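Q: sequence and computational prediction follow.
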Number of protein chains: 2
Amino acid sequence: MRAEMGRADSPAGEDRAGQERKDRERPFRAALALLPQMSPVSLPRMISMAGGAEELWELLRRGGERAAALVGGEKAGEWSRACRRTDPWESLEKLARRGIRVILPGEGSVPDVLWRIYDPPALLFARGREMPRGMACVAVVGARKATSYGRRCAEQLAAGLAEGGVAVVSGAAYGIDACAHRGCMQAGGFTVAVLGCGIDRVYPPGNAGLLAGIAESGCILSEYPPGDEPQAWKFPHRNRIIAGLSLAVVVVEASSKSGALITADFALEEGREVMAVPGPIGHPLTEGTHGLIKKGAKLVTGVEDILEELPPEAVQRPLDGSERGQKGMVLPGGGISPLEEKILRLLGEEAGTLDRLSLRAGEEPREILVALTSLVLKGFVCQDAGGLYALSPFVPRGILS
Amino acid sequence: MRAEMGRADSPAGEDRAGQERKDRERPFRAALALLPQMSPVSLPRMISMAGGAEELWELLRRGGERAAALVGGEKAGEWSRACRRTDPWESLEKLARRGIRVILPGEGSVPDVLWRIYDPPALLFARGREMPRGMACVAVVGARKATSYGRRCAEQLAAGLAEGGVAVVSGAAYGIDACAHRGCMQAGGFTVAVLGCGIDRVYPPGNAGLLAGIAESGCILSEYPPGDEPQAWKFPHRNRIIAGLSLAVVVVEASSKSGALITADFALEEGREVMAVPGPIGHPLTEGTHGLIKKGAKLVTGVEDILEELPPEAVQRPLDGSERGQKGMVLPGGGISPLEEKILRLLGEEAGTLDRLSLRAGEEPREILVALTSLVLKGFVCQDAGGLYALSPFVPRGILS
């Protein structure tokens, strides 16, 4: 048994040798990524040109002609001085003391599919919990200025994915991203935020609480070094990692210029499933999603549409038919009164005026008006300009079934 | 030239001969359809078994063994007496005096594609105007208990089709059907109502005004004889004619058990385009439409999606690109105030509480509240349970562009 394990061609032997190689490379990759001159966009190419991370580090530290060829003649001295000021092992230790891990290409603490994309990152900085090995990821992304409908969709799909044992990946932005993370966490799932800045930055500032929650129950990843500031160009570049981690990308709401469409494009290029949630036509935030569906993205009406596209082994606790049947939209902001429910049922049969509803319900008009106003505010009832009340498209199906 | 026209094998000669044959058949087909014992479902088969409408009439009138074989032995006498009481030419004249035309298979006053379906009707009763020759039809169908969103979609798509020179076919039911007819007429288009009862019946009763309008600017068709009452089984059977007349069937809102899905099925079987308008997920009236899109129906976000699937010659006045760009949802029930517009813009940037909106708008909270309430009633703004206001999915794109 031991002899077998020692064999260089055995998988276990390869794993062990590979792990040793990674552990040797880790301080150099980390130190390289932390160099103030380094761009994460160039790092993978530079490592491959130098023949390895340690080799690149030595080359840059020494300076000279080969370093000048890599970083530009006049800058080689500056790079060399930066390397000489740095002890790679110390850099790694400092990160570890701050709770920051460094994940190298091929390491199983993120899904293997990430490392098969066209331009995988040279490393990922991570904080929070380790992702359970073998857990599949699905990205749920969309507009920052999302509607309440989109927010609800994102939360509920993310919760359904969590219940299916699937991790939810998103970008921690306002709107759909935040709701995806939140919905997953509220359902007890594992969520992954991929940032376009250092993982220790609180960006966007309003999501401080969300990021703290993600770090506690999920994890935060970035290829940008800790402290790195958010910049516009980093977000689309970051999106390839959101898509790369995921077996499917679900776009919930997106304008025709949304960054979520970039994530969908990356997913398409990498052969991952692209899906989109439809919504009312004529609204800017459905232009992107409907455009995707027209181009072949799968229309998603519920989490089962996502789960059924994943390999069976990726879904750890698939919902059975009876459970699925009961899944519907849930009531936002508490329940409804018996009179409100009665009115919804009457409106389900036929739209009506206040007077007519009062007659049909057998209640005083002013009682009906109070209930109607509450229903309008809850978004369940619409009023026409002519004073006609009708069910809105937001009525949860549970109420009228 | 004259010699050529007289030739039996010339197209003109065939047309003339065909027309003469139809004119000879017309009174018999009409009289047969008007027989109280006759079912429109059996009529085409009976005519073909008898070798023609006149032959069938004579056979039934005479009674005897062959008639008994067709209608059942004990009933042949009753049929024979009914025929003997009737003068087919007089029946046709009576219909004409009431403004009712009889359209025979192959006649060009309805699109030719109708007569190529699996089971075309033996005739159509028609009132209203004659459809312009060569005009293409598109069906716009959907739920009776439609939402205001669905109604608006149906009206606007129908108006766009009318502007494209395409006739809009529907079933004159409440909800989507009515809005499709209305939208077409309001845009000056030609609309066709196909009924599941006699064309002189006012059904459903609430659509009396609509039917009168259709008879004035469009036409009403039915294979059921005048006076025939509406019955549940007739509506799905009628749907094959709605689909048969149309190059495409557009479903706007439909529950999973909607009759509109039957129309879509007929369209699919006859190789016509099937399209559907998406909407919010989790609502019963998008289950049918989203189900169609999942099965391959084209997702429709605007009339251009329909027009581009029609043969170019069917679209008489295609919209050019610049016109299309300006098409969006229009404001229902009048415009909005400058303060309302300001609030929509602020909410477009970020959701907010009353106080925060008041600060950002630089207006008194009570002014903001009045405007917000109006916007909520118009369906443009939603309020969360926590008192946060946000744009609803119904905000017309024109407002925020």
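A: Great, that's in hand.

Q: where does the stretch 1-150 of chain A have low pLDDT?
A: Along the stretch 1-150 of chain A, segments meeting pLDDT under 70 span A:1-14.

Q: got the CA coordinates for stretch A:218-229 in CSV?
A: The C-alpha coordinates for stretch A:218-229 follow below in CSV (Å, rounded to 0.1, in the frame of the first residue of the first chain):
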residue,chain,number,x,y,z
GLY,A,218,-19.8,31.6,3.5
CYS,A,219,-16.7,32.9,1.9
ILE,A,220,-15.3,36.0,0.1
LEU,A,221,-12.9,35.6,-2.8
SER,A,222,-10.9,37.9,-5.0
GLU,A,223,-7.9,37.8,-7.2
TYR,A,224,-7.1,41.3,-6.2
PRO,A,225,-4.7,41.6,-3.2
PRO,A,226,-6.0,42.7,0.2
GLY,A,227,-6.4,46.5,0.4
ASP,A,228,-6.8,46.8,-3.4
GLU,A,229,-9.4,49.4,-4.1
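
Q: any idea of the mean pLDDT for it?
A: Averaging pLDDT along stretch A:218-229 yields 97.

Q: just the buried residues of that stretch, please?
A: Within stretch A:218-229, the residues that count as buried by 16 or more other Cβ atoms under 10 Å in any protein chain shown are A:Gly218, A:Cys219, A:Ile220, A:Leu221, A:Ser222, A:Glu223, A:Tyr224, A:Pro225, A:Pro226, A:Asp228. To be clear about C-beta, it is placed using only N, CA and C from the backbone, and glycine gets the same treatment.

Q: stretch A:369-382 too?
A: Quick answer for stretch A:369-382 (16+ other Cβ under 10 Å): A:Ala371, A:Leu372, A:Ser374, A:Leu375, A:Val376, A:Leu377, A:Lys378, A:Gly379, A:Phe380, A:Val381, A:Cys382.

Q: and what of stretch A:39-50?
A: Within stretch A:39-50, the residues scored as buried using 16+ other Cβ under 10 Å are A:Pro40, A:Leu43, A:Pro44, A:Met46, A:Ile47, A:Ala50.

Q: show me where the stretch 201-350 of chain A has strands.
A: Using DSSP state E, counting those that start in this stretch, the strands of the stretch 201-350 of chain A run over residues A:219-222, A:248-251, A:273-276, A:298-299.

Q: got it, and the stretch 51-200 of chain A?
A: Assigned by DSSP E, counting those that start in this stretch, the strands in the stretch 51-200 of chain A fall at A:101-103, A:124-128, A:137-141, A:167-170, A:191-194.

Q: so which of the buried residues of stretch A:218-229 also contact chain B?
A: Among those, not one lies near chain B by Cβ under 8 Å from any Cβ of the partner chain.

Q: and which of those residues is nearest A:Thr353?
A: Using Cβ to Cβ, A:Gly218 is the member of the buried residues of stretch A:218-229 that lies nearest A:Thr353, at 50.2 Å.

Q: excluding its backbone neighbours, what's nearest the closest one?
A: Leaving aside its sequence neighbours, A:Gly218 sits nearest to A:Thr191 (Cβ to Cβ, 6 or more residues apart in numbering or on different chains; 4.0 Å).

Q: who's the one you found bridged to?
A: For A:Thr191, the beta-bridge partners are A:Val168 (DSSP bridges).

Q: state the pLDDT value of it.
A: Reading off the confidence values, A:Thr191 has pLDDT 98.

Q: thinking it is in contact with A:Gly171, fair?
A: No: counting by Cβ atoms under 8 Å, A:Thr191 stays clear of A:Gly171, with 11.4 Å between them.

Q: more neighbours, those two?
A: Using other Cβ atoms under 10 Å in any protein chain shown, the more surrounded residue of A:Thr191 and A:Gly171 is A:Thr191, with 30 against 26.

Q: give the contact list for that one.
A: A:158, A:162, A:167-170, A:180-181, A:184-185, A:214, A:217-218 (Cβ atoms under 8 Å, 6 or more residues apart in numbering or on different chains).

Q: and what of A:Arg182?
A: Contact analysis of A:Arg182 by Cβ under 8 Å, 6+ apart lists A:Glu155, A:Ala158, A:Leu210, A:Gly213.

Q: so what's the closest residue to the last one other than its chain neighbours scoring on pLDDT?
A: Taking Cβ to Cβ, 6+ apart, and ignoring the residues beside it in sequence, A:Gly213 has A:Met185 as its nearest neighbour in space, at 5.8 Å. We have a pLDDT of 97 for A:Met185.

Q: pretty sure A:Met185 is touching A:Ala215, no?
A: No: A:Met185 is beyond contact range of A:Ala215, at 11.0 Å (criterion: Cβ under 8 Å).

Q: let me know the distance separating the closest residue to A:Leu261 other than its chain neighbours from chain B.
A: Taking Cβ to Cβ, 6+ apart, and ignoring the residues beside it in sequence, A:Leu261 has A:Gly288 as its nearest neighbour in space, at 5.2 Å. Noted for A:Gly288: a distance of 11 Å to chain B, by Cβ to the nearest Cβ, to the nearest Å.

Q: mind pulling up the pLDDT for A:Gly288?
A: On pLDDT, A:Gly288 comes in at 97.

Q: what is the burial count for it?
A: For A:Gly288, using other Cβ under 10 Å, the count is 23.

Q: quick check: it touching A:Ser255?
A: Yes: A:Gly288 lies in contact with A:Ser255 (Cβ under 8 Å); the separation is 5.5 Å.

Q: which neighbours do these two have in common?
A: Common neighbours of A:Gly288 and A:Ser255, counting by Cβ under 8 Å, 6+ apart, are A:Ala143.

Q: center of chain A, which residue is that?
A: With distances taken as Cα atoms, centre = their mean, A:Ser170 lies nearest the centre of chain A, 1.2 Å away.

Q: that one contacts A:Ile242, doesn't it?
A: Yes: using Cβ under 8 Å, A:Ser170 makes contact with A:Ile242 at a distance of 6.9 Å.

Q: overlap in contacts, those two.
A: Counting by Cβ under 8 Å, 6+ apart, the contacts common to A:Ser170 and A:Ile242 are A:Ala139, A:Val141, A:Val194.

Q: of these, which are in range of chain B?
A: Checking the shared contacts of A:Ser170 and A:Ile242 against chain B (Cβ under 8 Å from any Cβ), there are no matches.

Q: closest to chain B among those?
A: A:Val141 (16.7 Å; Cβ to the nearest Cβ).

Q: how near is the residue nearest to A:Leu261 to A:Gly142?
A: Distance, A:Gly288 to A:Gly142, using Cβ to Cβ, to the nearest Å: 8 Å.

Q: what residues are shared contacts of the two?
A: Counting by Cβ under 8 Å, 6+ apart, the residues touching both A:Gly288 and A:Gly142 are A:Val251, A:Glu253, A:Ala254, A:Ser258, A:Ala260.

Q: would you agree the third one is in contact with A:Ile293?
A: Right, the one you point to is A:Ala254. No: assessed by Cβ under 8 Å, A:Ala254 is found out of contact with A:Ile293, at 11.3 Å.

Q: show me what counts as buried in stretch A:112-121.
A: A:Val113, A:Leu114, A:Ile117, A:Pro120, A:Pro121.

Q: so what does the longest helix seen in chain A touch, helix or strand wise?
A: Ranked by number of residues, the top helix in chain A under DSSP state H is helix A:11-34. Counting contacts by 3 or more Cβ pairs under 8 Å, 6 or more residues apart in numbering or on different chains; DSSP states H and E, helix A:11-34 packs against helix A:2-6, helix A:43-50, helix A:53-62, helix A:88-97, strand A:101-103.

Q: list the residues that contact the residue nearest to A:Leu261.
A: With Cβ under 8 Å, 6+ apart, A:Gly288 has these contacts: A:Ala143, A:Val251, A:Glu253, A:Ala254, A:Ser255, A:Ser256, A:Lys257, A:Ser258, A:Ala260, A:Leu261, A:Ala276.
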